[in-house]
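# The amino acid sequence is not available; the structure is as follows:
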């Protein structure tokens, strides 16, 4: 009945040994929050499962001089509560805190969320907005870095080879005058799969009151999260105000119209994204623009 | 495959097959039927247990992943014949209707209180976000947890 082999490496060297023998029937799991469901629904599965959840060396958030490093096995709960991430990339903290439920966040890991490459993965837009990269280990024992954009193909696919595993997520520490925010919309308030999500990172100094270098990434509007230059332009070189919020919302709607033109979901999403715009705007500028409570 | 772990303070060794879910191992091999299967995809929380101090859905975990871990199910809440304060409080506050979600609700609440003995109402709501009650008895469940904190 059982044609499944489970391997449970407990350190990086043991993981590499497991990867050496990997083939197209090898699956990597950590928390298992997606894989185990697929396994039980498919009923039959033949192959090897490499369980990374016992590699404690892959559970960390570290600060280097210019970058933050997150171990691939760090749970979404740990990411959402981590002080360094709250300080340097609040959008990622917010996104991780909104994935699934407490139970799912306690098991699900950041590399799992990335590797699954769902179009609506919540941690991907914040990471893309700061040009995060992934450290990957191969069965040959080589370690190399690729951008998250290169690795995530989208629609549930990534371009990792079967003997490769994500071991670390790296993103640059932005200077103090950068702020970021994430928002998502699903069919219910919590424990929901995003119908749209968005992450914004931008430079804003209260002194000069000017927005610069905005990076806007939108998810669930295509096979994978993508950058919206239209929305970035709407924000750049502007002063935060209620008028800007309207302008920002219009740009978001315009982007939806371009990205999913003719889709049945367009009618809903072009309106719904205004709510995301509102949430993000007040997360970013709630202290300088009044009216964030509605 | 041999799975060795601690369940409700007892050292257990059971045989599981590699693709077996923790949910099925707990129910079928250890007879812990408080662990319910609802949706089987981590949405409803009926199969919630506490593993190494954190609430998790046992339908999304392979049994073998629990090797060496400490697990608490609702059966383990009772200590020397006395129900846990949460169980008492659920009964007193009418937080049980059909009862299907109750073990999961208890486990999510218990995990919250282990981590944070004095949660706010908002924190309680967040802790049980992943537990669905089809009888919609959420208000009484939240009140029961609040009541348990006071006692």
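Yep, it's here. Keep in mind the model is a prediction, meaning the values are calculated, not measured. Numbering: from 1, shown residues only, chains lettered A, B, ... in the order given.

# Residue A:131 touches residue A:145, doesn't it?
No. Using C-beta atoms under 8 Å, residue A:131 makes no contact with residue A:145, being 11.7 Å away. (Each C-beta comes from the backbone N, C-alpha and C, glycine too.)

# Between these two, point out the one with more neighbours.
Taking other C-beta atoms under 10 Å in any protein chain shown, residue A:131 and residue A:145 do not tie; residue A:131 has more neighbours (14 against 11).

# Could you confirm the more buried one falls within a helix?
No. Counting by DSSP: H, G, I helix; E, B strand; the rest coil, residue A:131 is not found in a helix; it is coil.

# Where do the domain boundaries of the chain fall?
No chain was given, so I picked chain A. Under the assignment automatic domain parsing, the domains of chain A span A:4-54, A:56-172, A:187-285.

# not what I meant, chain B
The record's domain split for chain B, according to automatic domain parsing, is B:2-76, B:85-150.

# Let me see the mean pLDDT of the longest one.
This means domain B:2-76. Mean pLDDT, domain B:2-76: 97.

# Could you measure from the closest residue to chain B within the stretch 151-294 of chain A over to residue B:125?
Nearest to chain B in the stretch 151-294 of chain A, going by C-beta to the nearest C-beta, is residue A:190, at a distance of 4.1 Å. For residue A:190, the distance to residue B:125 equals 9 Å [C-beta to C-beta, to the nearest Å].

# circling back to that earlier point, secondary structure element for the closest residue to the residue of the stretch 151-294 of chain A closest to chain B other than its chain neighbours?
For residue A:190, ignoring the flanking residues on the chain, the nearest one in space by C-beta to C-beta, 6 or more residues apart in numbering or on different chains is residue B:129 at 4.1 Å. Under DSSP states H and E, no helix or strand contains residue B:129.

# What's the local residue count around residue B:129?
20.

# I'd say it and residue A:104 touch.
No. Using C-beta under 8 Å, residue B:129 is not in contact with residue A:104; the gap is 9.9 Å.

# Quickly list what's touching both of the two.
Residues touching both residue B:129 and residue A:104 (C-beta atoms under 8 Å, 6 or more residues apart in numbering or on different chains) are residue A:191.

# rewinding a little: now distance to residue A:53 too, for the domains of chain B, in CSV please.
Formatted as CSV, these follow (distance: least, C-beta to C-beta, whole Å):
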stretch, distance to residue A:53
domain B:2-76, 6
domain B:85-150, 18
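
# Would you point out which residue of chain B is nearest chain A?
Going by C-beta to the nearest C-beta, chain A is nearest to residue B:130 of chain B, at 2.3 Å.

# In contact with residue B:40, which residues?
Applying C-beta under 8 Å, 6+ apart to residue B:40 gives the contacts A:37, A:40, A:41, B:59.

# of all these, which comes closest to residue A:220?
residue A:37 (19.6 Å; C-beta to C-beta).

# I figured that closest one was touching residue B:41, is that so?
Yes. With contact defined as C-beta under 8 Å, residue A:37 reaches residue B:41; the gap is 4.7 Å.

# out of those two, which sits in the busier spot?
Legend: neighbour count by other C-beta under 10 Å for residue A:37 and residue B:41, higher for residue A:37 (19 against 16).

# Residue B:58: what's it in contact with?
Residue B:58 touches B:21, B:22, B:23, B:26, B:35, B:47, B:48, B:49, counting by C-beta under 8 Å, 6+ apart.

# Next: residue A:273.
Residue A:273 makes contact with A:185, A:196, A:198, A:218, A:249, A:252, A:253, A:255, A:256 under the criterion C-beta under 8 Å, 6+ apart.

# Keep only those of those residues that are in strands.
Of the contacts of residue A:273, the ones assigned to strands by DSSP state E are A:185, A:196, A:198, A:218.

# residues contacting the residue lying closest to residue B:61 once chain neighbours are set aside?
Distances taken as C-beta to C-beta, 6+ apart put residue B:22 closest to residue B:61, at 4.3 Å, once the chain neighbours are dropped. Contacts for residue B:22 (C-beta under 8 Å, 6+ apart) come out as B:49, B:58, B:59, B:61, B:62, B:63, B:65, B:66.

# Could you find the residue in the stretch 101-250 of chain A that comes nearest to chain B?
Residue of the stretch 101-250 of chain A nearest chain B, by C-beta to the nearest C-beta: residue A:101 (2.3 Å).

# Could you verify my assumption that the residue of chain B closest to chain A touches residue B:41?
No. Taking contacts as C-beta under 8 Å, residue B:130 lies outside contact range of residue B:41: 11.7 Å.
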